[in-house]
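*Asks:* no sequence for this one, just the structure:
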C-alpha cells in the first residue's frame, strides 16, 4: 500500500532469497572484493565488444542468483532489468537468453532499486512467485558512449567518477530465507541546474536528499531506525554535499552509519577520482557487500538510496542540465 | 494475481479515467485524425531540436490526460514513461516538469502496454491511487538516431515503417468511470534471427504471436472473447506474417476483428511504406481511437498487443539480430 506521498509498503514483505555481484578486473582491487561472487580478469569477458561483455556480466549475475536460489530459469515469472547502454542493449539481449517474461527499465544508476522495487511490488501483490531484478554497467561501454574514446587519454577533473564494470541480480520471492524488503520510496526528478557530466555526484545529491527526507516523512521514522543508510553513487564529492543538504533540512545522520556505495567500492590507491558510479555500483555493493553483512548479523535494518543522473550525451550537447532521481529501499534481516 | 505463466489479472480492475493522444503534422492526414486530442502543425513544436519537440509531445499528452481526469499534477502518485531516444530523454525531461514520483521504462514500441500494465499493477495493488502512464516517439528524432540523416534522402524498401510523431497518456485509477483494465500478458523476448531494421514488422510478428498464444492459454479464452484484437506496430508486412503464424498455431482470428495500429494509422495516399511504428503508434491509436470506440459503445472487449523491436543502432552495427517482445492488455467497457 501507499504510505504518505511516495512510499510503497509491501504488505507481505518479499524476501531476497538470493543475490549476486559480478565484476571486472579493475574491481578485483576493491576493498569489498571478497563479497563479489565472480571477478572476471578480462575487461572484454572474451567478447568482441564492451557491450557484448556487459551483456555477459548480466548473464553471469542472473545465472549465479538463480542457481543460489536453487531454481531453474523456468521457475521465474518475471525478469526486470535495465542498464546504461542506448536502448538498454545489455538487458534486452540478456532477456533473450533467459526467455522469462521481461520488463525493461531505465533509471540510470538508480536502476537497481527501481528494479528491486518493481520485483517486490509484483511479488507482494501475487503477480509473480519469483521475480529476478538485475542491472549492469561497464566502464568501457560507458566511457565510449558518454564521454571520450579512452584512447584519447582525456584528462578528468577530480570530481569525475569511475563507472563500475559489473552486474548485480536478486531473486525476490514471496517466502523463503533471507533479507526482507520492507518498503520503497519512489523518487521524483530533481534538477538543480548542474550541467557538468564530470560532476554527477553534485548533480545527484539533491535528489538523494529529497528521497531520504520523503522516506523519513512518509514512514514517520528517523535515522536511528536504521543501522546503515547508504546512497548509491554520489562518490566523495556528492556524499559531502548530501551531508550538508541533509543538515540544512534538519536531518542528522551519524557519520558511522551514513555512507555511499561509490565511496566504498574503490580503495584510494585505485585512483578512481571521486569514487564509483554506474548501475553496477549500487547493485554490486548492495547485493554483495551489504546483504552479506546482513546475513552475518552485522546489520539488521538498512536503507539504500540508489541515485541516477538521467542525462544523455544528446541532452548534454543540447545544453540541458542534468535531471536526477533517487529511489530508496528499506531491507530488514 | 498471476494466472498461468505470464498473465497478470488485476483483482480490482483499474479504470482508465482519462486518456490522450497528441500527434505531429504528418498525422493530420491520418484516417483516425478525429480521435486525436491535439494535432501540432509544426514538427518541431517551436523547439530547437526534435528531441525537445518529443519531450513537449509528452508534456502535452500528460497535461491533457490530467486535465480530462479533472486532477492536478499533485494528485498523481506515479508517472511511468518511456520512449525511443537514448536514455529515454523525452520521458525523463517530461518527468522533471511533472515532479511526480517517476519510473522510467524501456520496451521500444511495446512501452505503451508495459507502462499501462505497471500503472494497473500499482493501482490494483493499492500502491497508487492515480498513476499516469505515457509514451512518445518522434519521426525526426527516430530517423536521426536509428537510421540516416533525412537530408541524405536515403531510399527505403517497402517493408520499412514510418515512425509516428506523437505521444499518448492514460490516467489509471482504482475507481471512476471509463474502460477497465482486466489483465495483461507480459511477453518474453523472441528473436527469429531477422537483422534487417527496415523490416521490423517481420521481426516482431513472432513475438506478437507468442504473447497472443500465451494470453489465450493463460486465460482459457479464444478470439471470440474479444470484439477487437490489435497488434501494435507490425504494419502490413508484419500483420500478414502474424496471421500466417497464428494459423500455424491453430489460432484463427476473423479478419474483421484482427488489426494492427500501424496498419490503421496512415492512409494509403500518405505513402508511409508498410505502416506506422514507434512508441506513439500503439499509444495514440489505443488511447485515442480504440478507447473512443469503446466509449461510443462500438467495442466492449479489446486486446491490444504492443510490439517492440529491442534493437539499438549499436547492436545492429555489431551484427546482432533483433530481439523482439510484445505485451498484451485486455480492456473492457
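*Replies:* Great, that's in hand. Just so it is clear, the model here is predicted, and its values are computed rather than measured.
*Asks:* C-terminal to the helix or strand bottoming out on mean pLDDT in chain A, which secondary structure element comes first?
*Replies:* Ranking every helix and strand in chain A by mean pLDDT, DSSP states H and E puts helix A:313-317 at the bottom, with a mean of 91. Of the helices and strands lying after helix A:313-317 in sequence (DSSP states H and E), the nearest is strand A:324-332.
*Asks:* so which elements touch that next one?
*Replies:* Contacts defined by 3 or more C-beta pairs under 8 Å, 6 or more residues apart in numbering or on different chains; DSSP states H and E place strand A:324-332 against helix A:111-124, strand A:180-185, helix A:200-219, strand A:301-309. For every residue, glycine as well, the C-beta is placed using N, CA and C.
*Asks:* save those as a markdown table, and put in mean neighbour count and distance to residue A:157 too.
*Replies:* Formatted as a markdown table, these follow (neighbours: other C-beta atoms under 10 Å in any protein chain shown; distance: least, C-beta to C-beta, whole Å):
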| stretch | mean neighbour count | distance to residue A:157 |
| --- | --- | --- |
| helix A:111-124 | 29 | 25 |
| strand A:180-185 | 23 | 32 |
| helix A:200-219 | 25 | 11 |
| strand A:301-309 | 28 | 16 |
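*Asks:* pLDDT below threshold where in the stretch 201-333 of chain A?
*Replies:* Counting by pLDDT under 70, the stretch 201-333 of chain A shows no low-confidence range.
*Asks:* what does it put close to chain B?
*Replies:* A:310-315, A:318, A:320, A:323, A:325 (C-beta under 8 Å from any C-beta of the partner chain).
*Asks:* how about 6 Å then?
*Replies:* A:310, A:312, A:314-315, A:318, A:323 (C-beta under 6 Å from any C-beta of the partner chain).
*Asks:* could you dump those into JSON lines with neighbour count added?
*Replies:* Converted to JSON lines, those look like this (neighbours: other C-beta atoms under 10 Å in any protein chain shown):
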{"residue": "A:310", "neighbour count": "29"}
{"residue": "A:312", "neighbour count": "25"}
{"residue": "A:314", "neighbour count": "19"}
{"residue": "A:315", "neighbour count": "26"}
{"residue": "A:318", "neighbour count": "14"}
{"residue": "A:323", "neighbour count": "25"}
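*Asks:* can you tell me which of those lies closest to residue A:262?
*Replies:* Taking C-beta to C-beta as the measure, residue A:262 lies nearest residue A:310 of those, at 17.0 Å.
*Asks:* roughly how far apart are residue A:259 and residue A:210?
*Replies:* Relative to residue A:210, residue A:259 is positioned 19 Å away (C-beta to C-beta, to the nearest Å).
*Asks:* which residue ranges form the helices in chain A?
*Replies:* Ranges of helices within chain A are A:50-68, A:89-98, A:111-124, A:139-146, A:200-219, A:235-248, A:261-264, A:279-284, A:291-295, A:313-317, based on DSSP state H.
*Asks:* same list (those helices) but as CSV, adding distance to residue B:182.
*Replies:* Putting those into CSV (distance: least, C-beta to C-beta, whole Å) gives the following:
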stretch, distance to residue B:182
helix A:50-68, 31
helix A:89-98, 26
helix A:111-124, 18
helix A:139-146, 40
helix A:200-219, 31
helix A:235-248, 44
helix A:261-264, 41
helix A:279-284, 34
helix A:291-295, 38
helix A:313-317, 38
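*Asks:* now do the contacts for the one residue sitting closest to the centre of chain A.
*Replies:* Per C-alpha atoms, centre = their mean, the C-alpha nearest to the average position across chain A is that of residue A:282, at 3.2 Å. Contacts for residue A:282 (C-beta atoms under 6 Å, 6 or more residues apart in numbering or on different chains) come out as A:112, A:232, A:261, A:306.
*Asks:* now with 10 Å?
*Replies:* Going by C-beta atoms under 10 Å, 6 or more residues apart in numbering or on different chains, residue A:282 touches A:109-113, A:116, A:135, A:137, A:164, A:168, A:230-233, A:260-262, A:265, A:276, A:290, A:304-308, A:327, A:329.
*Asks:* what's the answer for residue A:91, then?
*Replies:* Counted by C-beta under 10 Å, 6+ apart, residue A:91 has contacts A:54-55, A:58, A:79-85, A:102-106, A:111, A:115, A:134-136, A:167, A:279, B:106, B:189, B:310.
*Asks:* so residue A:147 makes contact with residue A:197?
*Replies:* Yes: using C-beta atoms under 10 Å, residue A:147 makes contact with residue A:197 at a distance of 7.4 Å.
*Asks:* for those two, list the residues in contact with both.
*Replies:* A:160, A:313.
*Asks:* of the helices of chain A, which is nearest residue B:252?
*Replies:* Evaluated over those, closeness to residue B:252 peaks at helix A:89-98, with 29.1 Å, by C-beta to C-beta.
*Asks:* tell me how far the closest one is from the chain's mean position?
*Replies:* 18 Å (C-alpha atoms, centre = their mean, to the nearest Å).
*Asks:* now do stretch A:9-29
*Replies:* 9 Å.
*Asks:* same thing with stretch A:42-58?
*Replies:* 19 Å.
*Asks:* now it: buried residues?
*Replies:* Neighbour-count burial for stretch A:42-58, counted by 16 or more other C-beta atoms under 10 Å in any protein chain shown, picks out A:44-45, A:47, A:49-58.
*Asks:* is that stretch up against chain B anywhere?
*Replies:* Yes: Stretch A:42-58 comes into contact with chain B (C-beta under 10 Å from any C-beta of the partner chain), by way of A:47-52, A:55.
*Asks:* tell me the one of these nearest residue B:143?
*Replies:* Closest to residue B:143, out of all of these and judged by C-beta to C-beta, is residue A:51, at 22.7 Å.
*Asks:* what's around residue A:72, how many residues?
*Replies:* For residue A:72, the neighbour count with other C-beta atoms under 10 Å in any protein chain shown is 9.
*Asks:* residues in contact with the spatially closest residue to it that is not a sequence neighbour?
*Replies:* Excluding the flanking residues, the one nearest residue A:72 by C-beta to C-beta, 6 or more residues apart in numbering or on different chains is residue A:66, at 7.3 Å. By C-beta under 10 Å, 6+ apart, the contact list for residue A:66 reads A:18, A:20, A:72-73, A:75-76, A:98, A:100, A:130, A:132, A:169, A:171.
*Asks:* among these, who's most crowded?
*Replies:* residue A:169 (33 neighbours).
*Asks:* contact partners for that residue?
*Replies:* By C-beta under 10 Å, 6+ apart, the neighbours of residue A:169 are A:18-22, A:37, A:57-66, A:68, A:79, A:81, A:94, A:112, A:115, A:132-136, A:283, A:287.
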